[in-house]
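Q: pasting the sequence and the predicted coordinates here, then a few questions.
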4 protein chains.
Amino acid sequence: MLKYAMIGGGPGAFVGQVHRRALALNGQAKIVAGCFSRDLVKTRLLGAELEIDEDRLYATPEELARLEAGDIDFAVVVTSNEAHYSNVKTCLENGINVMCDKPFTHTSTQAQELVELARRKGLALGVSYTYAGYPMVRQMREMIRRGDIGEVRFINCEYPQGWLAEMLETTGHIQASWRADPKRSGGVLSLGDVGSHIEYLVPHVTGLRRTKLAARLDTLVEGRLLDDNGTILTEYEGGAKGMYWYSQAATGMVNGLRLRIFGSEGGLEWFQEDPDHLRHMPLNQAARTLVRGTTDLTPEAAAYSHTPPGHPEGWLLAFANIYSDFCATIIQGKEPNYPTGEDGLRGVRFIEACLESSHNNTSWIDLGDSES
Amino acid sequence: MLKYAMIGGGPGAFVGQVHRRALALNGQAKIVAGCFSRDLVKTRLLGAELEIDEDRLYATPEELARLEAGDIDFAVVVTSNEAHYSNVKTCLENGINVMCDKPFTHTSTQAQELVELARRKGLALGVSYTYAGYPMVRQMREMIRRGDIGEVRFINCEYPQGWLAEMLETTGHIQASWRADPKRSGGVLSLGDVGSHIEYLVPHVTGLRRTKLAARLDTLVEGRLLDDNGTILTEYEGGAKGMYWYSQAATGMVNGLRLRIFGSEGGLEWFQEDPDHLRHMPLNQAARTLVRGTTDLTPEAAAYSHTPPGHPEGWLLAFANIYSDFCATIIQGKEPNYPTGEDGLRGVRFIEACLESSHNNTSWIDLGDSES
Amino acid sequence: MLKYAMIGGGPGAFVGQVHRRALALNGQAKIVAGCFSRDLVKTRLLGAELEIDEDRLYATPEELARLEAGDIDFAVVVTSNEAHYSNVKTCLENGINVMCDKPFTHTSTQAQELVELARRKGLALGVSYTYAGYPMVRQMREMIRRGDIGEVRFINCEYPQGWLAEMLETTGHIQASWRADPKRSGGVLSLGDVGSHIEYLVPHVTGLRRTKLAARLDTLVEGRLLDDNGTILTEYEGGAKGMYWYSQAATGMVNGLRLRIFGSEGGLEWFQEDPDHLRHMPLNQAARTLVRGTTDLTPEAAAYSHTPPGHPEGWLLAFANIYSDFCATIIQGKEPNYPTGEDGLRGVRFIEACLESSHNNTSWIDLGDSES
Amino acid sequence: MLKYAMIGGGPGAFVGQVHRRALALNGQAKIVAGCFSRDLVKTRLLGAELEIDEDRLYATPEELARLEAGDIDFAVVVTSNEAHYSNVKTCLENGINVMCDKPFTHTSTQAQELVELARRKGLALGVSYTYAGYPMVRQMREMIRRGDIGEVRFINCEYPQGWLAEMLETTGHIQASWRADPKRSGGVLSLGDVGSHIEYLVPHVTGLRRTKLAARLDTLVEGRLLDDNGTILTEYEGGAKGMYWYSQAATGMVNGLRLRIFGSEGGLEWFQEDPDHLRHMPLNQAARTLVRGTTDLTPEAAAYSHTPPGHPEGWLLAFANIYSDFCATIIQGKEPNYPTGEDGLRGVRFIEACLESSHNNTSWIDLGDSES
């Protein structure tokens, strides 16, 4: 079983627990060290609960990286976004593989530096875009790859949430406060938080490289300092077109990531709130509902499926799948089949391009090499 | 009972029968005259079936208008699009109220002329944007008007169909052929056919005037001469934003008009393929499903509802509702509560603005007075 | 165009208007005479609105039948249930074809008499079980007939409504009052009102004859005198089994008729509140959603389909389809393809058998010849 | 952290892994011993993978129980059904708390004996009816308890699957073979496998004791020796009525457990394949969709909810919740809030009563004290 350390994810931090649970589900790795908080008391509190040896609980990420190097197989970085860069860097410099929460870093320069560092050191560097871990997302990807819907022509991907339809960031709401703070969030609010999932998912599933975009970032809630909604027109190599819509001010929407892909021979529709089903619409035939766990699955999707059909798997298992791919690379040296630092870098560049377009009246931005 | 004549809608023409059935449903008007086809034999064939006196079946629309003026309460123009202008004009000039199929005319100059003509003559001039006739569309409109969702902030309206995902226009397919022919369709394909419904519906329901748009019209199917897909960014007076997506090349989609409106106090979602239900998402409360025919309806929506809840009404009854409003104006002189020539004009201008934007690299077009 | 008279369906009577609208939709028949109410003033009021000659408006059904015989093609009987028997009898005795609202009569003796009378006179006698008129119901019927789901093994048909979850009959509520009155309703409340639709639909769609049943009729709302809920176990020739559940006290349900049929090679599911779709579940393959109006339809279903796919047809068009089959028999002498008096008789016998079983502790009742 | 041993669940056994994953998710207990198979080699293989000390891997359950007593906090019994009785007994006799997979035992005499043994020894004895662990099932339970839907009047619970619509048991299919073998399954097939979940869930959620039942067990697939489908009429103290339908031969159905409860003030509907949503239909008001993770949840349901709304939790987390209640009893001596041996006993008695009724022509069986 692999051994890992966690940086961030202290008591009460939701995302740290999610990473730990995802890893526990797989049974491939156990936590042996941690620097969960800037407050060592808190780190020790959680460490005791997790039955970690006290001498492997650290006051700083640097200390952890220095002293655990060689004794752990990877580190998980789940601090708040602004600290991703320095923590990932510390780990990589000490020769430790890293899985970092998304979005990756504040600037593409930082992301670029980390990607190069990992490459130079020959280390695995992942960014946890969870939704790619759903079996039916894999199913779409493989169906497209093998030509089930012909040539992809149009992609509509939307991700509306509604929990920021009010001005929560001035009420002391922790999750809202740091996300809506220009300094801590990296210059975007919802584009980083939810738009980034769209950014990753579309090329991942379609296999298409984006070539151009034009974006309008909106602030729908009065008084807010950053975007809480946005519409992005996209173009892809080979001529496919697309549009993205993300929002956290879509009052009443819950977590509505929806991906629709239309090709010359068929269409596909997947909705994250009902992740075990995939609608396949073959040209001129009745639409079919593919169900996770059945014999309709492609090999890749079947390998991601763990419970019988009709026994919903849910989000934590999707997360676990990302980790099982990450662990497969560490253990067997397999080619990365998880979202990598390169993907994280492309995501940061995408955010920068959207900001540029939006500041320039929704003008078209040529993405050039940034998407290669 | 009112008396009407029909121009167009000959044997085999789908839309003519729809108008007749909608009027039959209401029982407010009966057909007494017709020029259903350029071929008088065909007109007589259908006329006999409809039990119309033979001497009220005409070879040309002009003849019909001249001879029926005074004997009919209104005419229905359901010829192919390129003939709308001349037929409506003939009727109006002869003092006949007109309901014209949508989209209205090829150019805004034509539309403007007809609108002014009707105004000068004091005639009722309608354009049959059917979807406004659904009770739950009325429900949305009235809920927004009375403030149920607060200030409208964002509107997402989409209308994907998939029946033109193939190059049908070169196979002799009648519906596809004239629509895809630049000369007969008025320079746009799907923007006129389905996009126009979005255009009408959004300001109708929200009460908001569009101020700006930026459009990208796409041709997804190789070899096609006009648009079969498009994405349009919009802005509204008061600052609301929106996006429209229409398509007839969205492989596998049927007739997926969906309207989602997000306000400061709630959201609304309506889907044309399930028209008797309306999802209302009040801020921070559980979403409610409003059902046509129940006591939850607003007075306007209730007046549009004809059968008990759970007995689906469907599209023809929506059509009938447009006509009952039109007849109410003719009979009682009521203020128009149906889509008027002015709406048709605004629709043609919208198409022109979209074309301009799309030809100019999705640049923003100021809509100015064209939307007033 | 055929000519018809209506008995019952006076001002404010919902069901009479439904029959008139269904017939108007078809454009096959026009109303020329009526006895809409026991009150001639009311009959004349509605007659004037419908533009019926005053001398064809009658004080009694008998008078209408006697004087209109020969001048009309059929009569529509839409009085309250207790008057069905005498009104239908009067018409038949005068040689008039009849469409009668459902349920047919209070007793099977009455029903038997009417069926024999119609047979002897060679008249068309229909009972308006509307739901059989939906295209996708036809689709199911034809798919089963041609073997798409193999041998039928189990049928689950349910029809829950919730509008009688309160004791409405003591509040002056008209619809509730006569239905819940043992004398006027024929000894059953919801079994006649909604259960009867299940009774008709299952053999109609599956082609299977019922052989046995065991029923428990419940009164869920305290103080009510008749059944408002019931569960019925059934058996069919050839060994298939089934269960029915009907209710009008299922708080919150709207008009939830749902039919699920499971065979050796596949399953089918249809839901009346979404009537244009049919779920087909072929054995060991992904479920398919068949859509009304597409090329997936069987010939019979296609003939019932009037508007393009995705333009919902709804309940009135289903009703209209029943009438177009009825008119086809009258005009062309076609074999009845509509619910006949025989079907109405079987329905009354079914109710009697259910009552017997329920009174005898849910014992099994052999249906013998009553279902042949 | 608690320590546990597992009996059964060897390599390839699906359910054993499910129990281990559910426990891993909670992070409350770790596996320290096992007798996974009758074949010690297989036990050692899995033990090594799970990093269990080799001297805590046992050839027989008896040996495990004897030698681990005092060193483990509980045992998990996940052998095939016929071995439940002896394995649970061995554990209890050695003073070990037990969680046993469902259904509990073959006979009620066995179940009774185990329940008494556990009581005498003061041990925790659980039976893993997973579906009770879903947050929205808790939500229903608490809403009913606090009166949200008034007095419960009718319950419709169904659980159709379709995977046994073919004669899989003669094809070497492992899951089908033991389930369909009268000797190994305990005399029922689908009633034990899926009907038992209905049996547990209804009184658990409604708080109502069953008083009577009448059952028809069917064998829909020719050649099968046991039931693969069944319909059960039920009555409850206080007068509520109900009906259950279970099936594993409902061709095309996946895992369709659906619970609908109708009361005097409202209705509730929950569907296991979409477990994060609950439909609440208040009398005479629009239906509401409650979403797991939102502020609409009751305290009990909120405590069961782990991820944000719209991030589907799924079946494994429901399983984990059963275990966290079980662990809470072991650690803190809390009153059992998990399905207990008593529940398992009642389930076995229910199966016996259904068999008796079905063998006696669906006669009513008085459940008397067996449900207390």
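A: Received it, and whenever you're ready, just let me know what you need. Numbers count the residues shown, from 1 in each chain, chains lettered A, B, ... in the order given.
Q: and the residue of chain A most remote from its centre, what does it touch?
A: Computed with C-alpha atoms, centre = their mean, the maximum C-alpha offset from the centroid of chain A is found at residue A:284, amounting to 35.0 Å. Residues near residue A:284 by C-beta atoms under 8 Å, 6 or more residues apart in numbering or on different chains: B:166, C:295. Every residue, glycine included, has its C-beta placed from N, CA and C.
Q: now do the SS call for the residue in the stretch 51-200 of chain A that chain B sits nearest to.
A: Per C-beta to the nearest C-beta, residue A:153 is where the stretch 51-200 of chain A lies closest to chain B, at 4.3 Å. With DSSP: H, G, I helix; E, B strand; the rest coil as the basis, residue A:153 sits in strand.
Q: helix, strand, or coil at the closest residue in space to it that isn't next to it in sequence?
A: Among residues not flanking residue A:153 along the chain, residue B:220 sits closest, at 4.3 Å (C-beta to C-beta, 6 or more residues apart in numbering or on different chains). Secondary structure for residue B:220, judged by three-state DSSP, is coil.
Q: for residue B:220, give me its contacts.
A: Residue B:220 makes contact with A:153-154, A:241, A:262, B:165, B:228-229, B:247, B:249, according to C-beta under 8 Å, 6+ apart.
Q: I'd like to know how far it sits from residue B:234.
A: Separation of residue B:220 from residue B:234 (C-beta to C-beta, to the nearest Å) stands at 22 Å.
Q: can you classify the residue farthest from the centre of chain A as helix, strand or coil?
A: Residue A:284 - assigned by three-state DSSP - is coil.
Q: can you say which two of the contacts of residue B:220 are spatially most distant?
A: A:241 and B:165 (14.2 Å; C-beta to C-beta).
Q: so which of those two has more stuff around it?
A: More crowded of residue A:241 and residue B:165, by other C-beta atoms under 10 Å in any protein chain shown: residue B:165, with 30 against 21.
Q: got the contact list for the residue nearest to that one when sequence neighbours are not counted?
A: Once flanking residues are discounted, residue B:165 sits nearest to residue B:251: 4.1 Å by C-beta to C-beta, 6+ apart. For residue B:251, the residues meeting the contact criterion (C-beta under 8 Å, 6+ apart) are A:149, A:153, A:262-267, A:281, A:283, B:162, B:165.
Q: nearest to residue D:25 among the contacts of residue B:220?
A: For these, the nearest to residue D:25 is residue A:262 (37.8 Å; C-beta to C-beta).
Q: pull the contacting residues for the closest one.
A: Counting by C-beta under 8 Å, 6+ apart, residue A:262 touches A:149, A:152-156, B:162, B:165, B:220, B:247, B:249-253.
Q: please apply the same query to residue A:327.
A: A:2, A:26, A:28-29.
Q: which of these has the largest number of neighbours?
A: The most crowded member of the contacts of residue A:327, judged by other C-beta under 10 Å, is residue A:29 (24 neighbours).
Q: not counting residues beside it along the chain, what's closest to it?
A: residue A:2 (3.8 Å).
Q: likewise for residue A:117?
A: residue A:92 (4.7 Å).
Q: report the secondary structure state of the one you found.
A: Applying three-state DSSP to residue A:92 yields a three-state assignment of helix.
Q: residue A:62 now?
A: Following three-state DSSP, residue A:62 is assigned to helix.
Q: number of residues surrounding it?
A: Residue A:62 has 18 neighbouring residues, counting by other C-beta under 10 Å.
Q: what does the one 10 residues further on give?
A: By other C-beta under 10 Å, 23 other residues sit near residue A:72.
Q: hmm, back to that, and the contacts of residue A:327 as JSON lines, adding secondary structure and pLDDT?
A: Formatted as JSON lines, the contacts of residue A:327 follow (DSSP: H, G, I helix; E, B strand; the rest coil; pLDDT from 0 to 100):
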{"residue": "A:2", "secondary structure": "strand", "pLDDT": "96"}
{"residue": "A:26", "secondary structure": "helix", "pLDDT": "90"}
{"residue": "A:28", "secondary structure": "coil", "pLDDT": "90"}
{"residue": "A:29", "secondary structure": "strand", "pLDDT": "95"}
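Q: hey, what's residue A:259 bridged with?
A: Applying DSSP bridges to residue A:259 yields these beta-bridge partners: residue A:157, residue A:270.
Q: and the residue of the stretch 1-150 of chain A nearest chain C?
A: Residue of the stretch 1-150 of chain A nearest chain C, by C-beta to the nearest C-beta: residue A:139 (11.3 Å).
Q: say whether chain D is contacted by the one helix or strand that residue maps to.
A: Following DSSP states H and E, the helix or strand that holds residue A:139 is helix A:135-145. No. Counting by C-beta under 8 Å from any C-beta of the partner chain, chain D has no neighbours in helix A:135-145; the shortest distance is 11.8 Å.
Q: quick one: name the residues of the stretch 251-372 of chain A near chain C.
A: Residues of the stretch 251-372 of chain A lying near chain C (C-beta under 8 Å from any C-beta): A:280, A:284-291, A:294-296.
Q: which parts of chain A are strands?
A: Counting by DSSP state E, chain A has strands at residues A:2-8, A:29-35, A:74-78, A:97-100, A:125-127, A:152-160, A:210-218, A:229-236, A:241-247, A:258-263, A:266-271, A:277-282, A:287-291, A:365-366.
Q: so which of these comes closest to residue D:325?
A: Closest among the strands of chain A, once you apply C-beta to C-beta, is strand A:29-35, at 24.8 Å.
Q: so where's chain A uncertain?
A: Applying pLDDT under 70 to chain A flags residues A:372.
Q: switch to 50 and redo it
A: The model of chain A has no residue with pLDDT under 50.
Q: could you chop it up by domain?
A: Domain segmentation of chain A under automatic domain parsing yields A:2-101, A:135-305+A:340-365.
Q: number of residues surrounding residue A:151?
A: Residue A:151: 14 surrounding residues under other C-beta under 10 Å.
Q: ok, the closest residue to it other than its chain neighbours - contacts?
A: Among residues not flanking residue A:151 along the chain, residue A:264 sits closest, at 4.7 Å (C-beta to C-beta, 6+ apart). Neighbour list for residue A:264: A:149-151, A:153, A:283, B:165, B:221, B:251 [criterion: C-beta under 8 Å, 6+ apart].
Q: who touches the residue nearest to the spatial centre of chain A in this structure?
A: Chain A has residue A:129 as the residue nearest its centroid, 1.7 Å off, counting by C-alpha atoms, centre = their mean. Shown in contact with residue A:129 (C-beta under 8 Å, 6+ apart): A:102, A:196-197, A:200-201, A:204, A:322, A:339, A:343.
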